[in-house]
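>>> here you go, sequence then predicted model.
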Amino acid sequence: MRLSNIIVLVFMVVAIVILCSLGSWQVKRLYWKEALIAKVEQRTSLAPMEIGNFFDRQMVEDNWPYSPITAQGVYDHSKEAYFFTTSKTGQSGWNVHTPMLLNNGKYLIVNRGFVPYNMREPEKRLEGQVTGEQSITGFVRVPEKVKPNDFFPDNIPAKRELYWRDYDLFVDLMGKEEGRDFVAFFVDVNDAPIPGGWPKGGTTIISFPNSHLQYAVTWYGLALALLGVGGFFLYSRRQKHD
């Protein structure tokens, strides 16, 4: 076999191995994603559990994201912070996050729900600034530890505006320096009637893109195509040489 053909053959083998490896990795990711989706679907179907079951931070991070939860406490509306988002209808605005003082003295960061962009200021939705002990039901959300990527704008502490849900910044804005002890997760409240209608709860979007099968087929298809094209190329060169 000519040296040039050997080089082409080696290149083909290496490329096919790489492409098949990528396909196999996507198959593993597919199984992982399907298991994750099934787990979250099972969790969200459970009856809400009392917040005391969720105080172990590591347990929450490993086992409880998206679990239904109930809690009782008093909101401190003076410490609101605002997460920029888009509603399920496509409207730009803010998710209002408010610290809630629980009965055991800890504070819980509650995503009370969405308000339109021009209704961020509490004075424009005074009816919704409920007082006294409140009971809430929602989903456990584990906070982000780092900025998801560089496409997200930086948070603006001076304006209490967040563009990614930085837990450390939330607790700083909500009174950590005053000695407040915060629960290690957020709660997104469910959609429930509230005076004045704002904030509107039920903002949790549970969606896990699952294109791994498509990616696996693509990588395996490229490997098969390369085998066919490369094999035909080598066969043609050999016939021509003969």
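Structure's in. What do you need?
>>> please count neighbours and contacts with C-alpha atoms only from this point.
Fine.
>>> looking at the chain, which helix or strand is least sure?
Least confident helix or strand of the chain, by mean pLDDT, DSSP states H and E, is helix 57-63 with a mean of 64.
>>> for Val146, which non-adjacent residue is closest in space?
Asp166 (7.2 Å; CA to CA, 6 or more residues apart in numbering).
>>> tell me the contacts of that neighbour?
143-147 (CA atoms under 8 Å, 6 or more residues apart in numbering).
>>> do the same with Gly73
Per CA under 8 Å, 6+ apart, neighbours of Gly73: 100-103, 132-135.
>>> identify those among the residues you listed that sit within strands.
100-102, 134-135 (DSSP state E).
>>> how about these, which pair is most distant?
Farthest pair in the ones in strands among the contacts of Gly73 (CA to CA) is Leu101 and Ser135. Separation: 11.6 Å.
>>> more crowded one of the two?
Leu101 (20 against 9; other CA atoms under 10 Å).
>>> beta partners for the nearest residue to that one once chain neighbours are set aside?
Excluding its sequence neighbours, the residue lying closest to Leu101 (CA to CA, 6+ apart) is Tyr107, at 4.6 Å. Here Tyr107 sits in beta bridges with Leu101, Phe182, going by DSSP bridges.
>>> which helix is the longest one in this protein?
Counting by DSSP state H, the longest helix found in the chain is helix 3-44.
>>> average pLDDT across that helix?
On average, the pLDDT along helix 3-44 is 85.
>>> that helix packs against which elements?
helix 212-241 (3 or more CA pairs under 8 Å, 6 or more residues apart in numbering; DSSP states H and E).
>>> wait, what's in contact with the nearest residue to Asp76 once chain neighbours are set aside?
Taking CA to CA, 6+ apart, and ignoring the residues beside it in sequence, Asp76 has Pro99 as its nearest neighbour in space, at 5.7 Å. By CA under 8 Å, 6+ apart, Pro99 lies in contact with 75-77, 79-80, 107-110, 174.
>>> in TSV: those, plus pLDDT and distance to Met119.
Formatted as TSV, the contacts of Pro99 follow (pLDDT from 0 to 100; distance: CA to CA, whole Å):
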residue	pLDDT	distance to Met119
Tyr75	97	19
Asp76	97	18
His77	97	15
Lys79	96	16
Glu80	97	13
Tyr107	96	25
Leu108	96	23
Ile109	96	20
Val110	97	18
Met174	96	20
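>>> Val187: which of the residues you listed is nearest?
Nearest to Val187 among the contacts of Pro99: Val110, at 5.0 Å, using CA to CA.
>>> can you give me the offset of the strand or helix carrying the closest one from its chain's centre?
Secondary-structure assignment from DSSP states H and E places Val110 in strand 107-116. Centroid displacement of strand 107-116 relative to its chain, using CA atoms, centre = their mean, to the nearest Å, is 16 Å.
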